[in-house]
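K.L.:
Starting from these lines, generate the structure:
(one chain, ligands or ions: 2)
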Amino acid sequence: MSLAFSLERQVALSAVARACRLTSSVFNKLVKNETVTKDDKSPVTVGDYSAQAVVNTILSRAFPDDPIVGEEDASDLKSGTSETAQTLRKRITDLANEALTADLAYGDVADWGLGPGRERTTEELLNAIDRGNHAGGATGRMWTLDPIDGTKGFLRGEQYAVCLALIVNSRVELGVMGCPNLPHDLSKPDGPRGSIFVAVRGQGAEQRTLTLGDPKPLQLPRLSISELSFLESVEAAHSSHSFNDRVSSTLGITKPPTRMDSQAKYCALARGDGGAYLRMPTGVGYKEKIWDHASGSLLVTEAGGMITDGRGAPLDFGLGRTLGENFGIVAAGADVHPLIIAAIKQTKL
Ligand code: AMP
Ligand code: MG
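P.N.:
Residues are numbered from 1 along each chain as shown. Ligands and ions are numbered 1, 2, ... in the order given. Next comes the predicted model:
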């Protein structure tokens, strides 16, 4: 008897591995005019669109009935008539096809529409991006995808992650994250880098190479307060650094925080770099997106940690495209998590 979600796991690993190769190659070729600006002013690159096109194309082929909640939508891309829009569409088509038609690698199945000769048209790829328009909700199966989480880190050549998760009846069952720039050892930033992380509920979490080899099981170490440091965003607009400093003081944490872009923070946490990830809002109104936390939350719990919002409530992935009722995020080892929640209660926001 095969393990639960084994097909989904393999498809998600293949899709994320291909998307990681694509994003690395986009970074190496990136030129300024390939960056457009979204309403929220975050940079969206050709990499976001083409990575979403690749992952959604593979998911749609392997699981045609599953809806997808993806970060990007292709409406601007489809309607633009300028030369820049046309160049962007061609670049996305070329990049997505390069990724989809690359030789079959570990675990790939040609039936998922992969391998030489399986090019798609621009229209098919833009429609695949728009398969990500699902509204989310409490029941049934759905995938959620952030094709490049941490676009600011990506553009700086620092941390970003390709994040894909399967949610069934509001519960994350499978999470895969590709971190092409994450050093294998954070204390050796110039050493070897790049890993793919995977977790299936009840089956544990592991770290693999970008070519999906060398699986290493992940287990959060038990860390005392004196060994603990916070993992936090680089961008001060995304979470309150000063609040984290105050919680650190309340807890008596002396180590400085490690700042890192993207959900790579969850991967670092799950393998024991740091000890706690704290993300408290900088203002009112921002609602965390499900694709920014689904895969990371499962990785942390399957590595033996705990994750809740800043008030200690479970994350609710069944309310649509956002974690609408949650306030902030706290992920940490199961022993220190309650201490952090207690310290937050004593600390002025
Ligand atoms: P990080 O790299 O951890 O700072 O997180 C990157 C993510 O922050 C992006 O995926 C955005 O969706 C998200 N984001 C954008 N604006 C905000 C905000 N005001 N508060 C919290 N997260 C945000
Ligand atoms: Mg994101």
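K.L.:
Now do the helices in the stretch 51-200 of the chain.
P.N.:
75-79, 83-101, 122-130, 151-156 (DSSP state H, counting those that start in this stretch).
K.L.:
Out of these, flag the one nearest ligand 2.
P.N.:
Of all these, helix 151-156 sits nearest to ligand 2, with 7.5 Å by C-beta to the ion. C-beta here means a position set from N, CA and C on the backbone, and glycine is covered the same way.
K.L.:
for that closest one, packing partners?
P.N.:
Counting contacts by 3 or more C-beta pairs under 8 Å, 6 or more residues apart in numbering; DSSP states H and E, helix 151-156 is packed against strand 43-45.
K.L.:
Contact partners for L174?
P.N.:
L174 sits next to 5, 8-9, 12, 165-166, 198-201, 298 when contact means C-beta atoms under 8 Å, 6 or more residues apart in numbering.
K.L.:
a markdown table please, covering the helices of the stretch 51-200 of the chain and showing distance to P180 and mean pLDDT.
P.N.:
Output for the helices of the stretch 51-200 of the chain, formatted as a markdown table (distance: least, C-beta to C-beta, whole Å; pLDDT from 0 to 100):
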| stretch | distance to P180 | mean pLDDT |
| --- | --- | --- |
| helix 75-79 | 24 | 88 |
| helix 83-101 | 13 | 91 |
| helix 122-130 | 21 | 97 |
| helix 151-156 | 9 | 87 |
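K.L.:
quick one, which of those is nearest to P189?
P.N.:
helix 151-156 (13.4 Å; C-beta to C-beta).
K.L.:
quick check, the closest one touching ligand 2?
P.N.:
No. Using C-beta under 5 Å from the ion, helix 151-156 never reaches ligand 2; the gap is at least 7.5 Å.
K.L.:
quick one: that helix to chain centroid distance?
P.N.:
The chain centroid and the centroid of helix 151-156 are separated by 14 Å, computed with C-alpha atoms, centre = their mean, to the nearest Å.
K.L.:
tell me which residues in it are buried?
P.N.:
Neighbour-count burial for helix 151-156 flags 151-155 (criterion: 16 or more other C-beta atoms under 10 Å).
K.L.:
farthest pair in the contacts of L174?
P.N.:
Top of the distance list for these (C-beta to C-beta): A12 and R201, 13.4 Å.
K.L.:
Identify the residues contacting A110.
P.N.:
Applying C-beta under 8 Å, 6+ apart, we find A110 in contact with 104, 118.
K.L.:
For the stretch 201-349 of the chain, what lies in contact range of ligand 1?
P.N.:
Within the stretch 201-349 of the chain, the positions adjacent to ligand 1 are 233, 235, 237-238, 261-262, 286, 289, 292 by C-beta under 6 Å from any ligand atom.
K.L.:
Those into a markdown table, with extra columns for pLDDT?
P.N.:
Shown next, in a markdown table, are these (pLDDT from 0 to 100):
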| residue | pLDDT |
| --- | --- |
| S233 | 97 |
| E235 | 95 |
| A237 | 94 |
| H238 | 96 |
| D261 | 97 |
| S262 | 98 |
| Y286 | 93 |
| K289 | 98 |
| D292 | 98 |
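K.L.:
In PyMOL, how would I select just the buried ones from these?
P.N.:
Entered in PyMOL, the line below selects the buried ones among these, by 16+ other C-beta under 10 Å:
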select buried, resi 233+238+261+262+289+292
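K.L.:
just to revisit the earlier point, want to try a markdown table for the helices of the stretch 51-200 of the chain, with distance to M280 as columns?
P.N.:
Formatted as a markdown table, these follow (distance: least, C-beta to C-beta, whole Å):
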| stretch | distance to M280 |
| --- | --- |
| helix 75-79 | 32 |
| helix 83-101 | 36 |
| helix 122-130 | 32 |
| helix 151-156 | 19 |
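K.L.:
Indicate which one of these is closest to T57.
P.N.:
helix 122-130 (4.5 Å).
K.L.:
what's the angle between that closest one and helix 83-101?
P.N.:
Relative orientation of helix 122-130 versus helix 83-101 (axes from the mean of the first three to the mean of the last three C-alpha atoms, to 10 degrees): 80 degrees.
K.L.:
Now do the contacts for the nearest residue to G304 once chain neighbours are set aside.
P.N.:
In space, and not counting its chain neighbours, G304 is closest to L220: 4.7 Å by C-beta to C-beta, 6 or more residues apart in numbering. Taking C-beta under 8 Å, 6+ apart as the criterion, L220 is in contact with 269-270, 272, 300, 303-305, 333-334.
K.L.:
go again using 7 Å as the cut-off
P.N.:
Under the criterion of C-beta atoms under 7 Å, 6 or more residues apart in numbering, the neighbours of L220 are 270, 272, 303-305, 333.
K.L.:
G328 contacts T282, doesn't it?
P.N.:
No. Judged on C-beta atoms under 7 Å, G328 makes no contact with T282 at a distance of 10.2 Å.
K.L.:
Go through this structure and flag its longest helix.
P.N.:
Ranked by residue count and defined by DSSP state H, the top helix of the chain is helix 6-29.
K.L.:
chain center to that helix, what's the gap?
P.N.:
Worked out by C-alpha atoms, centre = their mean, helix 6-29 lies 12 Å from the chain centre.
K.L.:
Mind listing residues that contact it?
P.N.:
Against helix 6-29 from outside (C-beta under 7 Å, 6+ apart): 45-47, 50-51, 54-55, 58-59, 62, 95, 99, 102, 105, 107-108, 112, 147-148, 154, 157, 162, 164, 166, 174, 176, 178, 180, 196, 198, 200, 210-212.
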